[in-house]
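In: structure, please.
(one chain, ligands or ions: 2)
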Amino acid sequence: MSQLEELLAAWLPRQRWFSGKGIPIQQIRIESRHTLVTTGPDGPGLDVLVVRTGQRGRSSRYQVLLGSRPPGSLPPDLARAAIGVCRAACGRPKAVYDAAHDAQLTGLLLERFALPAAPGLSGQVRFRTLPGERIRTGSPGRMLTGEQSNTSLVFGQDYVLKTFRRLWPGPNPDLELNMALSGSPYAARPCGWIEADLPGYATPTTLAMLQTFIPQAADGWVLATAGARALLEGAGTDRESAFAGEAARLGRTTARVHRSLAGALPTDVLSPAGAGELAQAMVERLATAGAEVPELAEHAPRVMAAYADFAEVDEPLPIQRIHGDYHLGQVVRTGEGWVLLDFEGEPTMPVRDRRRLSSPLRDVAGMLRSFDYAAGFLLVGHPDDPELEWAARAWARNNREAFCRGYADGGGPDPDKHLAVLRAFEFDKAVYEVLYEARNRPNWLRVPLESIAAAAAAPPVPG
Ligand SMILES: Nc1ncnc2c1ncn2[C@@H]1O[C@H](COP(=O)(O)OP(=O)(O)O)[C@@H](O)[C@H]1O
Ligand SMILES: O=P(O)(O)O[C@H]1O[C@H](CO)[C@@H](O[C@H]2O[C@H](CO)[C@@H](O)[C@H](O)[C@H]2O)[C@H](O)[C@H]1O
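Out: Ligands and ions are numbered 1, 2, ... in the order given. Okay, the predicted model is just below:
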């Protein structure tokens, strides 16, 4: 193991976007390293590394934007981004750090889009822009600090560069689906991307996507939880319906996006064998989550029964490309309406699975879970307050109903007519969330667990 690999092995598990938390890194290897920016011997430099880790037989790839400066010259605002001092593998000793925090380097990164064939860039990493796109440079890239699975850099009011942290060989679905939606008022316009040839793969792998910045965009999760909080604090008169108009509008927008995706990309109908396989995959996901979170065990029989009902549904289920990880944090409200972001799918799932055609009702289920989440999240600090709990659950129910109504009005399959499908998808999403929370935000674990308990206690949907 090189010294730089040792430093990375200690640093990676502390990153929000590292998906293998809690499991020791047994192997680590820098699979490729390419220089993106150099500014002279004493200035900062930026290399893109593809780092391969091995944890209990599970191999993952991560993208690290490695900044380097002479030792002792790291400005104080970059101290929190430090990875360490590399003496051997870096030629001269260098302080190495996460370059996403370095506005000087990220600004130069944007310039690479304007000069895609700039000297010094290896042919194995390419900056691509869409035909006719003229990139406006000159702004530094400010890193977004939210709870992200990736790292996004905002350039003034112009662009967002989303750098994908966990890499899967091949095109990233976020880029693929945003390209398919190009021109839609419900998605941010893609302007370019960075791609690399990974050793052993013929198809280029997407490292980052450049999109137009959506100004004055209010985060859906923030808006919804503000509505729910106002309800819990007793503000307003029509408290239970707070946000319901927005939920209905979001439902309509979601249906329109699904229709655009179905128009631009392949579609199909799920065969009975396909439904059986899907149900089996859900059973396996439940087993994996149950092995890590024992509290799931008591609900497993009811959840399995819902999966069995799903496998036996005899109506033809249209399938297509979908968002795949749809929740309130993936939508923003502008003056004109809702815009959908982050079409990457569930970040821990292999890209090959995320690119499979799926029922758009999976996205509906994701958003319905999110309304439960908003209510459940606000109850976290208030245990044993039945009145509050009733009000929060009523808020979620109203918004769920409004979203479904809007979705059907917008031309999507009517969720009320597919209750068994929806129930299975909601359980599957909640099981995913249990694992996600156990690994990333243990304080939130009770939110999906309580939803599973409540849904498992509800009577089965009529067949
Ligand atoms: N094009 C954009 N314009 C404005 N804000 C954006 C844009 N893209 C992303 N964001 C902001 O960045 C956040 C994270 O982006 P997202 O694509 O969901 O990343 P991740 O996959 O890391 O969660 C979004 O919730 C939104 O607040
Ligand atoms: O990082 P991503 O946005 O791609 O998605 C991951 O993180 C989400 C949390 O940041 C997680 O979403 C879960 O929490 C949300 C509230 O923070 C809630 O709205 C969602 O309904 C709930 O699933 C998402 O599951 C995960 O993939």
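In: rest of the way, CA atoms for contacts and neighbours
Out: Will do.
In: in the stretch 301-450 of the chain, what residue lies closest to ligand 1?
Out: residue 342 (3.8 Å; CA to the nearest ligand atom).
In: and that residue, how many neighbours?
Out: Using other CA atoms under 10 Å, residue 342 is surrounded by 21 other residues.
In: ok, it to residue 325 distance?
Out: Per CA to CA, to the nearest Å, residue 342 is found 8 Å from residue 325.
In: before we move on, the earlier item: A helix includes the residue of the stretch 301-450 of the chain closest to ligand 1, no?
Out: No: with DSSP: H, G, I helix; E, B strand; the rest coil as the criterion, residue 342 is located in coil rather than a helix.
In: thought it was touching residue 330?
Out: Yes: contact status for residue 342 versus residue 330: in contact at 6.1 Å, counting by CA atoms under 8 Å.
In: residue 282: what's its closest spatial neighbour, skipping adjacent residues?
Out: Spatially, and ignoring its direct neighbours in sequence, residue 282 is nearest to residue 428 (6.1 Å; CA to CA, 6 or more residues apart in numbering).
In: that should have said residue 154, apologies.
Out: residue 160 (4.5 Å).
In: now swap in residue 345 and tell me
Out: Leaving aside its chain neighbours, residue 345 sits nearest to residue 324 (4.1 Å; criterion: CA to CA, 6+ apart).
In: from the chain, which residue is nearest to ligand 2?
Out: In the chain, no residue comes nearer to ligand 2 than residue 370, which is 3.3 Å away by CA to the nearest ligand atom.
In: tell me the SS of that residue?
Out: Residue 370 ends up helix, using three-state DSSP.
In: is the helix or strand of the chain with the lowest mean pLDDT anywhere near ligand 1?
Out: Across the helices and strands of the chain, mean confidence by mean pLDDT, DSSP states H and E is lowest for helix 220-232: a mean of 85. No: Helix 220-232 is not in contact with ligand 1 by CA under 6 Å from any ligand atom; minimum separation 8.3 Å.
In: what residues sit buried inside that helix?
Out: Buried residues in helix 220-232, counted by 16 or more other CA atoms under 10 Å: 220-221, 223-229, 231-232.
In: same thing with stretch 299-312?
Out: In stretch 299-312, counting by 16+ other CA under 10 Å, buried: 299-300, 302-304, 306-311.
In: again with stretch 265-273
Out: Neighbour-count burial for stretch 265-273 [16+ other CA under 10 Å]: 267, 270, 272.
In: please, which helix or strand holds residue 249?
Out: helix 244-264 (DSSP states H and E).
In: hmm, that helix in reach of ligand 2?
Out: No: counting by CA under 6 Å from any ligand atom, no contacts exist between helix 244-264 and ligand 2, the nearest distance being 13.4 Å.
In: what are the contacting residues of that helix?
Out: Residues outside helix 244-264 that contact it (CA atoms under 8 Å, 6 or more residues apart in numbering): 177, 180-181, 186, 320-322, 337-338, 360, 398-400, 402-412.
In: what of stretch 416-424?
Out: 303, 306-307, 309-310, 313, 361-362, 364-365, 404, 415, 461-463.
In: what mean pLDDT does stretch 205-214 get?
Out: Average pLDDT, stretch 205-214: 97.
In: which outside residues touch it?
Out: Contact partners of stretch 205-214, identified using CA under 8 Å, 6+ apart, comprise 63, 154-155, 157-165, 167-172, 175, 188-198, 334.
In: the same query, at a cut-off of 7 Å, please.
Out: Residues from elsewhere that reach stretch 205-214 (CA atoms under 7 Å, 6 or more residues apart in numbering): 157-164, 169-172, 175, 188-198.
In: residue numbers of the stretch 351-463 of the chain in contact with ligand 2?
Out: Proximity of the stretch 351-463 of the chain to ligand 2, by CA under 6 Å from any ligand atom, involves residues 369-370, 373, 433.
In: before we move on, back to that, would you format the buried residues of helix 220-232 as a markdown table with distance to ligand 2 included?
Out: What follows is these, written out as a markdown table (distance: CA to the nearest ligand atom, whole Å):
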| residue | distance to ligand 2 |
| --- | --- |
| 220 | 9 |
| 221 | 6 |
| 223 | 11 |
| 224 | 9 |
| 225 | 10 |
| 226 | 13 |
| 227 | 14 |
| 228 | 13 |
| 229 | 15 |
| 231 | 18 |
| 232 | 18 |
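In: which element, helix or strand, includes the closest residue to residue 415 other than its chain neighbours?
Out: Leaving aside its sequence neighbours, residue 415 sits nearest to residue 404 (CA to CA, 6+ apart; 6.0 Å). Residue 404 is located in helix 386-409, with elements delineated by DSSP H and E.
In: pull the CA atoms of that helix into CSV?
Out: Output of helix 386-409 as CSV, limited to C-alpha atoms (Å, rounded to 0.1, in the frame of the first residue of the first chain):
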residue,chain,number,x,y,z
PRO,A,386,-50.6,11.0,20.8
GLU,A,387,-52.2,14.2,19.8
LEU,A,388,-49.2,15.4,18.0
GLU,A,389,-48.7,12.1,16.4
TRP,A,390,-52.2,12.0,15.2
ALA,A,391,-51.8,15.5,13.7
ALA,A,392,-48.5,14.6,12.0
ARG,A,393,-49.9,11.4,10.5
ALA,A,394,-53.0,13.3,9.3
TRP,A,395,-50.7,15.8,7.6
ALA,A,396,-48.8,13.0,5.9
ARG,A,397,-52.1,11.3,4.8
ASN,A,398,-53.5,14.5,3.3
ASN,A,399,-50.4,15.1,1.3
ARG,A,400,-50.1,11.5,0.2
GLU,A,401,-53.7,11.7,-1.1
ALA,A,402,-53.1,15.0,-2.8
PHE,A,403,-49.9,13.8,-4.5
CYS,A,404,-51.7,10.7,-5.8
ARG,A,405,-54.7,12.7,-7.1
GLY,A,406,-52.3,15.1,-8.9
TYR,A,407,-50.3,12.2,-10.3
ALA,A,408,-53.5,10.6,-11.8
ASP,A,409,-54.6,14.1,-13.1
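In: now the angle between helix 220-232 and that helix, please.
Out: Angle, helix 386-409 to helix 220-232, by axes from the mean of the first three to the mean of the last three CA atoms, to 10 degrees: 140 degrees.
In: buried residues in stretch 24-38?
Out: Those buried within stretch 24-38 under the rule 16+ other CA under 10 Å are 25, 27-30, 32-38.
In: how about residue 182: what's its closest non-neighbour residue?
Out: In space, residue 182 is closest to residue 189, 5.6 Å off (CA to CA, 6+ apart).
In: meant to ask about residue 30
Out: The spatially closest residue to residue 30, leaving aside those adjacent along the chain, is residue 51, at 4.5 Å (CA to CA, 6+ apart).
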